[in-house]
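Undergrad: Here is a sequence together with a model predicted from it:
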Amino acid sequence: MSARRPPDRPAFYALRPGGWRDLVTLLHPPYTAWHLSYVAFGAAAAPTVHDDRLAATLLAFFLGVGVSAHALDELTGRPLATRLSDGVLVALAVAGLVGAVAIGVAGTIIVSAGLAVFVVAGAFILMAYNLELFGGRFHSGVWFALAWGAFPALTSYWINAQQLRIQGLLVAAGCFGLSVAQRRLSSPVRELRRRTVGLTGTQELADGTRRELDVAALAAPLDGALRASAAALVLLSVGLLIPRL
């Protein structure tokens, strides 16, 4: 049996607490890049990729998800154990949301009024999910995948195509599935890293080999899969977009 300390950091990408490092950690860099790749996938599926619309959509989701949603998440329970004050987190959450909505409003004026549906839906999902409104009804695995997986891809497809076709819906569905997989990997590793204070057990193989289990050994493959997936999705999205630009 063994009883070892869990990994020191609350996430594999978390830096040492304090100063500018907290801001970097707050952005969840690999996960933000992961979800921005869905924006790229949606654009790549559209008949025409509009550079300016793609750039604006990437910036809007960076502000909405990377900044605002993650600041609200940290404000609730301090899962990343940053030293950012509540005031700073609130300011980041508001600034990110206002910036994302402002980009969306500009898009409704410049590109199409139909974008307003996506702007309203995005703002609602961000608030409902991260603030756990309506009794936490929207803070679930399904809503995580809809909000941070399918929605960025569908929005990006629509703003470039200005219509919904089967390819856009299929890409959104694929991003939904990827987000389901992400959550199923990240939930247990978060529990291991952030809430587990001890773990004991032994794995017995058919050949008689016995392996002592500990938190680090269980967390390593989950972190590795998440790290590799984030990198792979970013590379795929860039590779798909390059010939379209």
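TA: Okay, I see it. Because the structure is predicted, anything quoted here is derived from the model rather than measured.
Undergrad: And the residue nearest the centre of the chain, how close does it get to residue 168?
TA: For the chain, the residue sitting closest to the mean C-alpha position, by Cα atoms, centre = their mean, is residue 31 at 4.4 Å. Using Cβ to Cβ, to the nearest Å, residue 31 is found at 23 Å from residue 168. All C-beta spots, glycine's among them, are computed from the backbone N, C-alpha and C.
Undergrad: State whether the residue nearest to the centre of the chain and residue 233 are indeed in contact, as I suppose.
TA: No - counting by Cβ atoms under 8 Å, residue 233 is not a contact partner of residue 31; they are 10.5 Å apart.
Undergrad: and the strand or helix carrying the residue nearest to the centre of the chain, which residues are buried?
TA: Assigned by DSSP states H and E, residue 31 belongs to helix 29-45. Along helix 29-45, these residues count as buried under the neighbour rule (16 or more other Cβ atoms under 10 Å): 30-45.
Undergrad: Out of those residues, which is nearest to residue 190?
TA: Checking those against residue 190 with Cβ to Cβ, the nearest one is residue 31 at 11.6 Å.
Undergrad: Could you tell me which residues make contact with that closest one?
TA: Applying Cβ atoms under 8 Å, 6 or more residues apart in numbering to residue 31 gives the contacts 182, 230.
Undergrad: Residue 50: neighbour count?
TA: Using other Cβ atoms under 10 Å, residue 50 has 17 neighbouring residues.
Undergrad: counting residues per helix, which one in the chain is longest?
TA: helix 166-194 (DSSP state H).
Undergrad: Need the mean per-residue confidence for that one.
TA: What helix 166-194 shows for mean pLDDT is 97.
Undergrad: angle of that helix against helix 29-45?
TA: 170 degrees (axes from the mean of the first three to the mean of the last three Cα atoms, to 10 degrees).
Undergrad: Work out the gap between the helix or strand that helix 166-194 is followed by and the centre of the chain.
TA: Later in the chain than helix 166-194, the nearest helix or strand by DSSP H and E is strand 202-204. Centroid displacement of strand 202-204 relative to its chain, using Cα atoms, centre = their mean, to the nearest Å, is 34 Å.
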